[in-house]
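In: can you look at this prediction? I've put the sequence above it.
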Amino acid sequence: MPAVSPAELDRERAHLQRAREELARMRERTAGLTAHAGDRISAEVLEATMARRLAQLADDPHVPLFFGRLDHDEPTGGEVFHVGRRHVSDTAGDPLVVDWRAPVSAAFYRATRDDPMGVATRRRYGFARGVLTGFEDEVLSGASASATAAEHSEILEQEIERPRTGPMRDIVATIQPEQDVIVRSDLDRTVVVQGAPGTGKTAVGLHRAAYLLYAHREQVTRRGMAVVGPNSSFLRYIRDVLPALGEVDATQTTVEELVAAHGRLRGTETAEVARLKGDARMAQVLRRAVWSHLGEPAEALVLPRGSRRWRVPAHEARDAVAHVVGRDLRYDAGREQLRYALAHRILQQIEAAGDALDDRAWDVLARTKPVKDYAAALWPVLTPARLLHRLLGDPDFLAATADGLLTPAEQQQLTWAAPPRSAGAARWTLADLVLLDELADLLERAPSVAHVVVDEAQDLSPMMLRALGRRARTGSLTVLGDLAQATTPWAVRSWTDALAHLGKPDAHVEQLTAGFRVPGDVIEYAARLLPTIAPTLAPPVAVRRARGELLLTTAPTEELVRAALAREGSVGLIVPDAGVAAARRRLQAAGLELAVVGEEDLTAEVADSADGAEGADRATEFDARLDLVPASLAKGLEYDHVVLDDPAGIVAGETDRGSGLRRLYVCLTRAVTSLAVRHDDDVPAELAA
């Protein structure tokens, strides 16, 4: 780190101490407020708002309150701003720290010597466990500014490469200009981030969520925001990022949790059947299935009223049904509208006969039993579960609705061999629950939130993407993924297709290829797979000066793990899913403490395979020094040191070789500092090139 003036360093430390004192004052002031409201609901809203504000003002002494400073030049006022994770002001209201999301902070990430944005000097701070240790200045404008390229920032490099343990942390101090453009995208803009390993796409998505919650607080909080990850382990890995940025209003969930309202996930099925159920053609099959239930009027509607009997002939009822269908309503709303359409025809007859009716007559007529019963016969009540139970259990019904969409062989694949007695007895799979979600939206319009962040989106089926698109129908999305890391049989093969399924065909696609986390040697080795798994994608480029460490070896796994644990930082042992139980036994026998990523999601067979070693590995995933990672759960995770055991087994564990090579690509790119690949002289040929 460059030498700094001791006096200036003392002044900066004093500013940090003052900022912490003022933040504590702001928190105490908020904690001392009392909610006074006119009613119970208003009081609860105020109390929730105050609790949220307290959470935003939390101070972790090990996390610096600011990480940068902007000194503006004299023509723009000469003001000085310290940039940090949240706003801190003194008793007079003057800012001691400005939020990184504030407009004035954008220059910290984007200013260059070619375009200084009014900044004379940009300062970055070095910290160790919350203690300010130094700083470095970059002169952007003025007589001392050089026309040459920007100097290398040691502080920036140290922050990017700093070893870690525990869950993912924010990158607010190291956001790069191309990342900041995405982070500050407008709320009404859907953005796809195609990001190679180590480019920070997950962090960019989370920071965009934090930015939108700041820039559009009222709208986003009122309508909601969801962060959707691939599995619960991934959500636990990213759980601290938004709270560290002062944001607690985003719901973090998975596709499985989003569709769980429609039933319990109790069944499994082959990959081929799941792929077929996730096919976009199923949306049209379901739509036909719903609307096929409309009946044909055979008799007139007769409504006794006083001494008169009012009639709606069958042909007029048929016209009423056609009129409602033409309005393109949801199915349930259409049934409601049909009652009023029939009542309107009766109302016209009554008025033509000279009877005077008040404004409530239309509603009264629509609610009479004859009208309701007649409408129900033409437009019957449906439920998603019963309808899907019929579709998968009745080959004739499926054939009628899927005609011209699915082949006879595909229809046979979908049909249950032994249909359950009722919808309640059905053992729904995840693909089934997604179909139920589609059906629920066909019956009644699903609500939309303001914004949805979707990570690892390349692994979602078209029907899953439709489910997420519905939840942002009137909002926007941040779609994160890497087509080279697509590992599911139902994965989409292009972002154009994915955006069409999401209902956002005009969204913008940003490609990140600068790898800030994965070392050069590691990413270059993994990139040998790209010509096979993703030939159209630009290969990632490592921008770190450190090349990293890559070791290909046949040495024992335990020996490699011990060597990694002897170094600073987190360690992940990645193995084929089928090898988790055996690897766990070997590590425990060697006296190594570990945590198993996604242990609660593993099968009972794997969970019970510890041979009675209860308590031997009670550490929590991401909080332990050593994580045992099934290959299927490695996506999105990072470790300082990775030991990858049995690359050939990882490839063989997938449904086809292409998916296996993409899974291996994922596992190879989880390392931040070192990667040791343990094999039995059977490294896949694509890597051995």
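Out: Thanks, I have the structure now.
In: which stretches of the stretch 501-650 of the chain have low pLDDT?
Out: 545-546, 600-620 (pLDDT under 70).
In: the longest helix seen in the chain: what's the following helix or strand?
Out: In the chain, with assignment by DSSP state H, the single longest helix is helix 6-31. Going down the chain from helix 6-31, the next helix or strand is helix 40-56, by DSSP states H and E.
In: for that next one, name the packing helices and strands.
Out: Packed against helix 40-56 by the contact rule (3 or more CB pairs under 8 Å, 6 or more residues apart in numbering; DSSP states H and E) you find helix 6-31. Heads up, the C-betas are built off the backbone N, CA and C, glycines and all.
In: tell me the buried residues in the helix it packs on?
Out: For helix 6-31, a neighbour-count test (16 or more other CB atoms under 10 Å) marks Glu12, His15, Leu16, Ala19, Arg20, Glu22, Leu23, Met26, Arg27 as buried.
In: with just CA atoms, put the helix or strand harbouring Leu675 into CSV.
Out: Using DSSP H and E, Leu675 falls within strand 671-678. What follows is strand 671-678, C-alpha atoms only, in CSV (Å, rounded to 0.1, in the frame of the first residue of the first chain):
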residue,chain,number,x,y,z
ALA,A,671,-12.0,-21.3,-6.6
VAL,A,672,-10.7,-17.8,-5.7
THR,A,673,-7.1,-18.6,-4.9
SER,A,674,-6.2,-22.3,-5.6
LEU,A,675,-7.8,-25.3,-7.2
ALA,A,676,-6.6,-28.9,-6.8
VAL,A,677,-8.1,-31.4,-9.2
ARG,A,678,-7.8,-35.0,-7.8
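In: so what are the sheet partners of it and their directions?
Out: Paired with strand 671-678 in the same sheet, following DSSP bridges, are strand 549-553 (parallel), strand 639-645 (parallel).
In: from the middle of its chain, how far away would that strand be?
Out: Taking the mean of its C-alpha atoms, strand 671-678 sits 27 Å from the chain's own mean (CA atoms, centre = their mean, to the nearest Å).
In: same deal with stretch 130-141?
Out: Taking mean C-alpha positions (CA atoms, centre = their mean), stretch 130-141 and its chain are 34 Å apart.
In: same deal with stretch 518-525?
Out: 26 Å.
In: next one: stretch 371-387
Out: In this view, stretch 371-387 has its centroid 36 Å away from the chain centroid, taken as CA atoms, centre = their mean.
In: dump the C-alpha coordinates for that stretch into PDB.
Out: Output of stretch 371-387 as PDB, limited to C-alpha atoms (Å, rounded to 0.1, in the frame of the first residue of the first chain):
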ATOM      1  CA  VAL A 371     -79.000 -17.000 -12.900                       C
ATOM      2  CA  LYS A 372     -76.100 -18.400 -10.800                       C
ATOM      3  CA  ASP A 373     -77.100 -22.000 -11.400                       C
ATOM      4  CA  TYR A 374     -77.500 -21.500 -15.200                       C
ATOM      5  CA  ALA A 375     -74.100 -19.700 -15.400                       C
ATOM      6  CA  ALA A 376     -72.400 -22.400 -13.400                       C
ATOM      7  CA  ALA A 377     -73.700 -25.100 -15.700                       C
ATOM      8  CA  LEU A 378     -72.200 -23.200 -18.700                       C
ATOM      9  CA  TRP A 379     -69.100 -22.100 -17.000                       C
ATOM     10  CA  PRO A 380     -68.300 -24.600 -14.300                       C
ATOM     11  CA  VAL A 381     -66.000 -24.000 -11.200                       C
ATOM     12  CA  LEU A 382     -62.500 -25.400 -11.700                       C
ATOM     13  CA  THR A 383     -59.500 -25.900  -9.400                       C
ATOM     14  CA  PRO A 384     -55.900 -26.300 -10.600                       C
ATOM     15  CA  ALA A 385     -55.300 -29.600  -8.700                       C
ATOM     16  CA  ARG A 386     -58.500 -31.300 -10.000                       C
ATOM     17  CA  LEU A 387     -57.900 -30.200 -13.500                       C
END
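In: contact partners of that stretch?
Out: 262-263, 289-290, 293-297, 301, 303, 317, 321, 331, 334-335, 338-339, 342-343, 346, 365-366, 423-424, 426, 436-437, 439-440, 443 (CB atoms under 8 Å, 6 or more residues apart in numbering).
In: ok, now with 6 Å
Out: Outside stretch 371-387, the residues that touch it by CB atoms under 6 Å, 6 or more residues apart in numbering are 293, 295, 301, 321, 335, 338-339, 342-343, 423, 436, 439-440.
In: ditto for stretch 46-61
Out: Contacts for stretch 46-61 (CB under 6 Å, 6+ apart): Leu23, Met26, Arg27, Thr30, Leu33, Ala35, Ala37, Gly130, Gly246, Val248.
In: which residues does the fifth one contact?
Out: Think Leu33. Applying CB under 6 Å, 6+ apart, we find Leu33 in contact with Met50.
In: any idea how far Pro535 lies from Ala484?
Out: According to CB to CB, to the nearest Å, Pro535 and Ala484 sit 10 Å apart.
In: again, but for Gly569
Out: For Gly569 relative to Ala484 (CB to CB), the value is 26 Å.
In: quick one: contacts for Leu286?
Out: Leu286 neighbours (CB under 6 Å, 6+ apart): Glu438, Leu439.
In: is it true that it lies in a strand?
Out: No: assessed by DSSP: H, G, I helix; E, B strand; the rest coil, Leu286 does not belong to a strand; its assignment is helix.
In: where's the closest residue to Val325 other than its chain neighbours, which helix or strand?
Out: Nearest non-adjacent residue to Val325, counting by CB to CB, 6 or more residues apart in numbering: Gly334, 6.8 Å away. Counting by DSSP H and E, the secondary-structure element that holds Gly334 is helix 331-352.
In: show me how far that helix is from its chain's centre.
Out: With CA atoms, centre = their mean as the basis, helix 331-352 stands 44 Å off its chain's centre.
In: how far away from the center of its chain is whatever helix or strand Val97 lives in?
Out: In this assignment (DSSP H and E), Val97 forms part of strand 95-99. What separates the centre of strand 95-99 from the centre of its chain is 30 Å, taken as CA atoms, centre = their mean.
In: run me through the strand neighbours of it, direction for each.
Out: With DSSP bridges as the test, strand 95-99 pairs up with strand 80-84 (parallel), strand 88-89 (antiparallel).
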